[in-house]
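Student: Give the three-dimensional model of this entry:
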Amino acid sequence: MASYQDIHLISWNVAGLKPTLDFMRRFGGLKEFCKRHRVDILCLQEVKVTSKTLAQGRQYEVDGYESYWACNDGNGFQRQGLNGCATFVRKGLNVEAA
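Tutor: This next block holds a predicted model:
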């Protein structure tokens, strides 16, 4: 028999990750936000980050979390840098569909 635990999932439309992170730095940053709110999974929409920006550095990593990104790089008729989402999952969290 499987053992289940509650998870804390937060979904947030940030309308731009960079300004949101700049604002959050006043309160300790994204890592402190996740710690304070005991976040297991954090889903961010409208991050407006390209894969090129992600490849340039570690500014969007959060210690203790794995991150998964869907970026808009401007393929086809889409404007580059719009939309996009990021999901941060606490390391060690084992999630499966029931």
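
Student: what does the helix or strand bottoming out on mean pLDDT in the chain contact?
Tutor: When the helices and strands of the chain are compared on mean pLDDT, DSSP states H and E, helix 51-55 comes out lowest with a mean of 86. Outside of helix 51-55, the residues that reach it under the criterion Cβ atoms under 8 Å, 6 or more residues apart in numbering are 60, 69, 71, 73. To be clear about C-beta, it is placed using only N, CA and C from the backbone, and glycine gets the same treatment.

Student: for stretch 31-50, same thing?
Tutor: Contact with stretch 31-50 is made by 7-18, 24, 27-28, 60, 62-65, 69, 71-74, 80-90, 93, 95, as judged by Cβ under 8 Å, 6+ apart.

Student: do stretch 68-87 as well
Tutor: Contacting residues not belonging to stretch 68-87 are listed as 17, 41-52, 54, 60, 67, 88-89 [Cβ under 8 Å, 6+ apart].

Student: which of the contacts of stretch 31-50 count as buried?
Tutor: Of the members of the contacts of stretch 31-50, the ones counted as buried by neighbours, 16 or more other Cβ atoms under 10 Å, are 14, 16-17, 60, 62, 65, 69, 71-72, 81, 84-90.

Student: Filter the residues you listed down to the ones in helices?
Tutor: residue 17 (DSSP state H).

Student: Tell me which of the buried ones among the contacts of stretch 31-50 fall in strands.
Tutor: With strands taken from DSSP state E, the overlap with these comprises 65, 69, 85, 86, 87, 88, 89, 90.
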